[in-house]
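J.: here you go, sequence then predicted model.
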Amino acid sequence: MDDSQPRKFQKDLNAGLVALVLLAVLERTTEDLYGYEIAKRLQKANEGEALFKEGTVYPVLRALAAGGLLTSRVVPSYAGPARRYYRITEDGRAMLRQWSDIWRQTRGFVDRFIEGTAS
Amino acid sequence: MSVNAPRSIDEYLKQLRQALEGQDPALIQDALYDAEEYLRAEVAAHPDKSESDVLELIASTYGAPDEVAAAYRDTEAKVKAALQTPAPRTAAHTSGLTRFFGVYQDPRAYTSLFYMLLTLATGIVYFTFVVTGLSLSAGFAVLIIGVPFFLAFIGIARVIALGEGRLLEAMTGERMPRRPVHPGPPASWWRRIGEMLTDVRTWTTLLYLLLMLPLGIIYFTLAVTGLAVGLRLALAPLVVLSRDFGWLPLRLSADMLQIDGHAVASPHTLVGSLFYMVAGIVMVTLLMHAARWIARGHARLAKALLVVPGA
């Protein structure tokens, strides 16, 4: 039981954060990335315990593409099935700026209570 | 919670499929594709480790099958809510008349009608493709190019099936796969051919593509006849106005409303023409309802033939 509570909290937190992180990753890079590459970049940035499982990245990528925030193209691959490469769109960049602002506000607000500077 | 952890890619996919049981077959196909892509890339990235060693770590990186299944279920529900045009509200208190004419507010009715008109064209293309592909495959079978030709033929048929699914989802809202079926680990051409020949979905896909011609003819005829006759009846007052009163709205000439010298469905009086108009409007409205209903039924057929056999 003790183990599942923090995990549930983390999962609830991640609901919107995965999308934000994915947009940020794709905004920072000049090349198109495919699902496995993106998952690996996140894994590398994750020191120690993974914040979210890479399996959760794929459905969110697809959802972002369906919402027009990412475009994708399929490139045949010799190593296996064709890979879908993603690139951020202008809508995606605009959304990322909005989301980042919301994130900064939220972080500041929450920190004020957790660090105890507000009371 | 800890069912025995998967030790191979096949086992992992089997558990993921079990965890997703009851979900839309199209969603299951997508999830399995993503997982297989990741797992095969991961195994290929660690040539020094065995498949079971790599799979041991998968639960902490990609996620255990039930975790991944939960992620797909959640995301699917959210995306669906955000992107899909909600079905028009048919509240219990609306009258039958409002509901009958409410079909004009449903974007699906228009897209369904459009799909019906389109099926004649797609049906001809699909049918020709399959008949040509099958007969050339049979002819080439004795030659060295027979094998690659057949593989390419089935491969293109699968791409067409995926595209047809995307089109249907856009037109009817029925969830269809966004990924093809994963081809599995690299294998020799002969094994690939064997797999294709024994895969039920290969044959149901070809059957669907063949069926699209007769269905397309029926859908197209229904749509065109319904539209032409319905609109013609609905415009009956214009015929009377132009014939009897010399009033030509929109620069319609009386000739344009005639076929072979006969004014089609021409009532004798203006009042009579109003009845024609009502009948025409009812007819077009019925056609809109029928289009929605037919497209929904067709999407179900497509899912049964293009998605379910492999899921």
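T.: Received, thanks. These numbers come from a predicted model, not from an experiment. Numbers count the residues shown, from 1 in each chain, chains lettered A, B, ... in the order given.
J.: what comes up buried for the helix or strand hosting A:R93?
T.: Using DSSP states H and E, A:R93 sits within helix A:90-114. Judged by neighbour count (16 or more other CB atoms under 10 Å in any protein chain shown), helix A:90-114 contains these buried residues: A:G92, A:M95, A:L96, A:W99, A:W103. In this view, the C-beta of every residue, glycine as well, is placed from N, C-alpha and C.
J.: in a helix, B:L143, correct?
T.: No: applying DSSP: H, G, I helix; E, B strand; the rest coil, one finds B:L143 to be coil, outside a helix.
J.: report how many residues lie close to it.
T.: By the criterion of other CB atoms under 10 Å in any protein chain shown, B:L143 has 9 neighbours.
J.: how far away is it from B:L197?
T.: Distance of B:L143 to B:L197, given as CB to CB, to the nearest Å: 18 Å.
J.: up against chain A, what does the stretch 101-250 of chain B have?
T.: The stretch 101-250 of chain B has residues B:R178, B:P180, B:H182, B:P183, B:P185, B:P186 near chain A, with proximity defined as CB under 8 Å from any CB of the partner chain.
J.: of these, buried ones?
T.: Buried, going by 16+ other CB under 10 Å: B:R178, B:P180, B:H182, B:P183, out of those.
J.: now, which of these lie within helices?
T.: Nothing among these maps onto helices, per DSSP state H.
J.: need the strands for chain A, in chain order.
T.: A:33-34, A:70-75, A:83-88 (DSSP state E).
J.: run through chain A and note the low-pLDDT ranges.
T.: For chain A, the stretches with pLDDT under 70 are A:1-3, A:47-50, A:77-81, A:117-119.
J.: quick revisit: can you add distance to B:A121 and give the strands of chain A back as TSV?
T.: Shown next, in TSV, are those (distance: least, CB to CB, whole Å):
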stretch	distance to B:A121
strand A:33-34	34
strand A:70-75	24
strand A:83-88	28
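J.: nearest to chain B, out of those?
T.: Minimum separation from chain B across those (CB to the nearest CB) falls at strand A:83-88, 7.4 Å.
J.: dump the residue contacts of whichever residue of the stretch 51-200 of chain B sits closest to chain A.
T.: Using CB to the nearest CB, the closest approach of the stretch 51-200 of chain B to chain A is made by B:G63 at 3.2 Å. Residues in contact with B:G63 (CB atoms under 8 Å, 6 or more residues apart in numbering or on different chains) are A:K53, A:E54, A:G55, A:T56, B:A71.
J.: quick one: contacts for the closest residue to chain B within chain A?
T.: Proximity of chain A to chain B (CB to the nearest CB) peaks at A:K53, 3.2 Å away. If a contact means CB under 8 Å, 6+ apart, then A:K53 has B:T61, B:Y62, B:G63, B:E67, B:V68, B:A71 as its contacts.
J.: ok, the first one touching A:K40?
T.: The one in question is B:T61. No: contact criterion CB atoms under 8 Å: B:T61 and A:K40 do not qualify, at 9.3 Å.
J.: what is the burial count for A:K11?
T.: The number of residues near A:K11, taken as other CB under 10 Å, comes to 17.
J.: again with B:I58
T.: Count around B:I58 with other CB under 10 Å applied: 24.
J.: get me the contact residues on chain A for chain B.
T.: Going by CB under 8 Å from any CB, the residues of chain A near chain B are A:15, A:35-36, A:39, A:43, A:50, A:53-56, A:58-60, A:62-63, A:66-67, A:79-81, A:83.
J.: just those residues: which are in helices?
T.: Per DSSP H, the residues of chain A next to chain B map to helices at A:A15, A:G35, A:Y36, A:A39, A:Q43, A:Y58, A:P59, A:V60, A:R62, A:A63, A:A66.
J.: re the thing from before, turn the residues of the stretch 101-250 of chain B next to chain A into TSV, including distance to B:R292 and pLDDT.
T.: Converted to TSV, these look like this (distance: CB to CB, whole Å; pLDDT from 0 to 100):
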residue	distance to B:R292	pLDDT
B:R178	24	75
B:P180	29	74
B:H182	34	73
B:P183	36	70
B:P185	43	70
B:P186	44	70
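J.: using JSON lines, lay out the residues you listed together with distance to B:P47.
T.: Below are these laid out as JSON lines (distance: CB to CB, whole Å):
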{"residue": "B:R178", "distance to B:P47": "31"}
{"residue": "B:P180", "distance to B:P47": "27"}
{"residue": "B:H182", "distance to B:P47": "21"}
{"residue": "B:P183", "distance to B:P47": "21"}
{"residue": "B:P185", "distance to B:P47": "14"}
{"residue": "B:P186", "distance to B:P47": "14"}
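J.: specify which member of those is nearest to B:H289.
T.: The shortest approach to B:H289 among these belongs to B:R178, at 29.5 Å (CB to CB).
J.: is it true that that closest one touches B:R166?
T.: Yes: counting by CB under 8 Å, B:R166 is a contact partner of B:R178 at 7.5 Å.
J.: picking that back up, of the residues of chain A next to chain B, which count as buried by neighbour count?
T.: For the residues of chain A next to chain B, buried by 16+ other CB under 10 Å: A:35-36, A:39, A:53-56, A:58-60, A:62-63, A:67, A:80-81, A:83.
J.: so which of these would you say is closest to B:R158?
T.: When those are compared against B:R158 (criterion: CB to CB), the nearest one is A:P81, at 11.5 Å.
J.: domain assignment for chain B?
T.: B:9-83, B:108-214+B:297-310, B:220-293 (automatic domain parsing).
J.: how long is the last one end to end?
T.: Between the start and the finish of domain B:220-293 there is a gap of 15 Å, counting by CA to CA, to the nearest Å.
J.: quick one: average confidence on that domain?
T.: Domain B:220-293 carries an average pLDDT of 77.
J.: now do stretch B:102-109: distance to the chain's middle.
T.: The chain centre lies 19 Å from the centre of stretch B:102-109; the measure is CA atoms, centre = their mean, to the nearest Å.
J.: what would the contacts of B:G63 look like in TSV with distance to B:L20?
T.: Formatted as TSV, the contacts of B:G63 follow (distance: CB to CB, whole Å):
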residue	distance to B:L20
A:K53	16
A:E54	18
A:G55	12
A:T56	14
B:A71	11
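J.: any idea which of the residues you listed is closest to B:A45?
T.: For the contacts of B:G63, the nearest to B:A45 is A:E54 (12.7 Å; CB to CB).
J.: follow-up on the earlier one: in strands, which of the contacts of A:K53 appear?
T.: Short answer: the contacts of A:K53 have none in strands (DSSP E).
J.: how about CSV for the residues you listed, with pLDDT added?
T.: Formatted as CSV, the contacts of A:K53 follow (pLDDT from 0 to 100):
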residue, pLDDT
B:T61, 78
B:Y62, 83
B:G63, 83
B:E67, 82
B:V68, 86
B:A71, 83
